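A.B. asks: here's my sequence, what's the structure:
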Amino acid sequence: MIKDLNIFLKHNLDTSSIKNVAIELANRLDLNIIYGFIDSSTFWKYDESKYKYGFNIEGQIKVNDSDEFVTLTIENYLQKKLYQEVGNEIFDCKEIWESKDVAFPLSEEFKQKFIEDYILKVDCPFEFNLLYENYDIDIPSVYIPIKDFYGISIQKDYLSFRLNLIDNWDIISLQLSNEKEFVAGLDKLKKFRNSYKEKASLFGGADTCYYASQWLLMYEFDNFKDFEINLKKSTNNSIYTFSELLTNKESFSEFQKNINNGILPDVYIDDLKDLEN
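C.D. replies: Numbers count the residues shown, from 1 in each chain. All right, here's what the predicted structure looks like:
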């Protein structure tokens, strides 16, 4: 039984650069942010006077008097930055490639694949985590909550994260399907959705997917539309939209039937439109 809930949320953040993302998050969440990139590969060896293995700081945004900072990092940043600065010279640096399982000099096929995978790809995802006091160390792998959010990953037009729940998500589903406990379940759901709506508004978002299973964590999608398309293809159990489920008797009857047959939904979609402003 799950104790936290995985969420995909459509956002309106400016993801054109990591600095712009940092500025918007700092101001919206009232958090001081250090932003940069992590090179856990060997590209830092191109210029060891400028770069290092691990966390490389690009800048910081300070919006309050707290000494606590959170980190915003971006994937594959150094590869693209070096290529933009020196072009194909990056392929001639033996120090970068000698520890990788590739033949040197690099083949033209390998170079083209590298450009497609790392240079032409959109600058996402960004990762948003709490940072320990000594920010000159590698980013910790343990997710620590930021204002109730766990492990925020930011894509071009959506973000994913986890929320810790007081009430188990499956219990809410079971209560909604039970005539005697329906009112209690509906009350818990309403309280959760209203609380979540406030959190979602911080990112300018409304369209949301709540999912209890872990399978979606194995995939990355370039945009929210791709996510929705793959969602419908991949999930085995029914997908329910709350605004329809709570207002359409036919949908609710199907939902109750599935729950009573032991089929708990993998996914709920929520546009939050039926909630009061």
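
A.B. asks: which SSE is immediately downstream of the helix or strand bottoming out on mean pLDDT in the chain?
C.D. replies: Among the helical and strand segments of the chain, the one scoring lowest on mean pLDDT, DSSP states H and E is strand 126-130, with a mean of 65. Downstream of strand 126-130, the first helix or strand assigned by DSSP states H and E is strand 149-154.

A.B. asks: so which strand or helix has K191?
C.D. replies: For K191, the host element (DSSP H and E) is helix 182-202.

A.B. asks: now the angle from that helix to strand 149-154?
C.D. replies: With axes from the mean of the first three to the mean of the last three C-alpha atoms, to 10 degrees applied, the angle from helix 182-202 to strand 149-154 works out at 50 degrees.

A.B. asks: quick one: contacts of helix 182-202?
C.D. replies: 9, 28-29, 147-149, 163, 165, 167, 171-176, 178, 206, 208, 242, 246, 270, 272, 275 (C-beta atoms under 8 Å, 6 or more residues apart in numbering). For every residue, glycine as well, the C-beta is placed using N, CA and C.

A.B. asks: so where is the stretch 51-200 of the chain shaky, pLDDT-wise?
C.D. replies: Applying pLDDT under 70 to the stretch 51-200 of the chain flags the ranges 122-125, 128-148, 150, 164-170.

A.B. asks: ok, F55 touching F69?
C.D. replies: No. With contact defined as C-beta atoms under 8 Å, F55 does not count as touching F69 (12.0 Å).

A.B. asks: now K80. Nearest residue, chain neighbours left out?
C.D. replies: Of all residues not flanking K80 in the chain, I119 sits nearest, at 5.5 Å (C-beta to C-beta, 6 or more residues apart in numbering).

A.B. asks: how far away is the one you found from S99?
C.D. replies: 21 Å (C-beta to C-beta, to the nearest Å).

A.B. asks: looking at the two, which one has more neighbours?
C.D. replies: Between I119 and S99, I119 has the larger neighbour count (other C-beta atoms under 10 Å), namely 14 against 10.

A.B. asks: which residues in the protein form helices?
C.D. replies: Under the criterion DSSP state H, the chain carries helices at the ranges 18-29, 77-86, 94-97, 108-114, 169-176, 182-202, 224-234, 242-245, 249-260.

A.B. asks: quick one: closest of the ones you listed to V63.
C.D. replies: Of all the helices of the chain, it is helix 18-29 that lies closest to V63, at 4.8 Å by C-beta to C-beta.

A.B. asks: what comes up buried for the closest one?
C.D. replies: Neighbour counts over helix 18-29 (16 or more other C-beta atoms under 10 Å) mark 18, 21-26, 29 as buried.

A.B. asks: now do it: which elements does it pack against?
C.D. replies: Here helix 18-29 touches strand 32-39, strand 54-61, strand 69-74, strand 126-130, going by 3 or more C-beta pairs under 8 Å, 6 or more residues apart in numbering; DSSP states H and E.

A.B. asks: could the ones you listed go into JSON lines alongside distance to L231 and mean neighbour count?
C.D. replies: Shown next, in JSON lines, are the helices and strands packed on helix 18-29 (distance: least, C-beta to C-beta, whole Å; neighbours: other C-beta atoms under 10 Å):
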{"stretch": "strand 32-39", "distance to L231": "29", "mean neighbour count": "21"}
{"stretch": "strand 54-61", "distance to L231": "33", "mean neighbour count": "16"}
{"stretch": "strand 69-74", "distance to L231": "25", "mean neighbour count": "22"}
{"stretch": "strand 126-130", "distance to L231": "22", "mean neighbour count": "20"}
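
A.B. asks: okay, those in TSV with distance to D14 next?
C.D. replies: Shown next, in TSV, are the helices and strands packed on helix 18-29 (distance: least, C-beta to C-beta, whole Å):
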stretch	distance to D14
strand 32-39	13
strand 54-61	13
strand 69-74	13
strand 126-130	11
